[in-house]
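this one's sequence-less:
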């Protein structure tokens, strides 16, 4: 099945109108770092909840997705939003260095070509621009807990899941550093203090 058909089929199985997990906390994280008038790219914007909130906060925002179905849902609620379909791999059709910030909420773990995806993120960000992202956390204590429970391990790493990558602070920091990001800072949501459920990441695009 071509990847575009796969993503369309996947979205057909997801009920419309679901609130993103930890929406309020992730939105607070995002709006604390994005300012009115800035140009922001919402990568993997889904049904446009964060896209709409950014627009309402005064950002000039573009939302992109790899499937038309979530954008159809978003447009039915907010026809004013700038929403675009992009290919799962390759060029997104956006100008170089044209965004002040890129927001990728619960997206990087779904990406097949991580190197190509991060190259596009870096390309469209202006020098000094911010990458803001969230992704499930897989620190040592989280992995230990999964290892001690065969049932939890099987559910978490279900081969039918659309989660393809699993990140810890260390692995994500190394990856972002390799792709030209610096000043990488982490915080967390949910779970226990030493075993957060979600990583929140801020990274700055280097000038070179």
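The structure has been received and is ready for your questions. Since this is a predicted model, take the numbers as computed values, not measurements.

Touching, residue 37 and residue 55? I think so.
No - contact criterion Cβ atoms under 8 Å: residue 37 and residue 55 do not qualify, at 12.0 Å. No exception for glycine: its C-beta is placed from N, CA and C like everyone else's.

Between these two, point out the one with more neighbours.
Each of residue 37 and residue 55 has its neighbours counted (other Cβ atoms under 10 Å); residue 55 has more, 20 against 9.

residues in contact with the lowest-mean-pLDDT helix or strand in the chain?
Lowest on mean pLDDT, DSSP states H and E among the helices and strands of the chain sits helix 140-147, with a mean of 78. Defining contact as Cβ atoms under 8 Å, 6 or more residues apart in numbering, one finds that helix 140-147 is touched by 152-153, 156-157, 168, 191-192, 194-195.

ok, 7 Å please
Helix 140-147 is contacted from outside by 152-153, 156, 194-195, using Cβ atoms under 7 Å, 6 or more residues apart in numbering.

now stretch 7-21
49, 66-70, 73, 88, 105, 162.

any idea which of these has the most stuff around it?
residue 105 (26 neighbours).

ok, back up a step: the least confident helix or strand of the chain: what's the following helix or strand?
With elements assigned by DSSP states H and E, the helix or strand that comes after helix 140-147 is helix 150-156.

pLDDT on the next helix or strand after that following helix, on average?
Of the helices and strands lying after helix 150-156 in sequence (DSSP H and E), the nearest is helix 169-178. The average pLDDT within helix 169-178 is 97.

Around residue 16, count how many other residues there are.
Around residue 16 there are 12 residues (other Cβ under 10 Å).

ugh, wrong one, I meant residue 60
Neighbours of residue 60 using other Cβ under 10 Å come to 14.

Can you list the buried residues in stretch 166-180?
167-169, 172-173, 175-176, 179-180 (16 or more other Cβ atoms under 10 Å).

Give me the distance between the nearest residue to residue 114 once chain neighbours are set aside and residue 188.
Once flanking residues are discounted, residue 114 sits nearest to residue 165: 6.4 Å by Cβ to Cβ, 6 or more residues apart in numbering. Residue 165 is 18 Å from residue 188, where distance means Cβ to Cβ, to the nearest Å.

doesn't residue 64 fall inside a helix?
No - under DSSP: H, G, I helix; E, B strand; the rest coil, residue 64 falls outside any helix and is assigned strand.

Now do the contacts for the residue nearest to it when sequence neighbours are not counted.
Among residues not flanking residue 64 along the chain, residue 86 sits closest, at 4.7 Å (Cβ to Cβ, 6+ apart). Residues counted as contacts of residue 86 (Cβ under 7 Å, 6+ apart) are 64, 66, 92-93.

Helices of the chain, start to end?
3-12, 23-31, 49-56, 68-77, 114-124, 140-147, 150-156, 169-178 (DSSP state H).

Return the list of helices and strands in contact with the fourth one.
Read it as helix 68-77. helix 3-12, strand 82-85 (3 or more Cβ pairs under 7 Å, 6 or more residues apart in numbering; DSSP states H and E).

let's see 10 Å
helix 3-12, helix 49-56, strand 60-65, strand 82-85 (3 or more Cβ pairs under 10 Å, 6 or more residues apart in numbering; DSSP states H and E).

All set, thanks.
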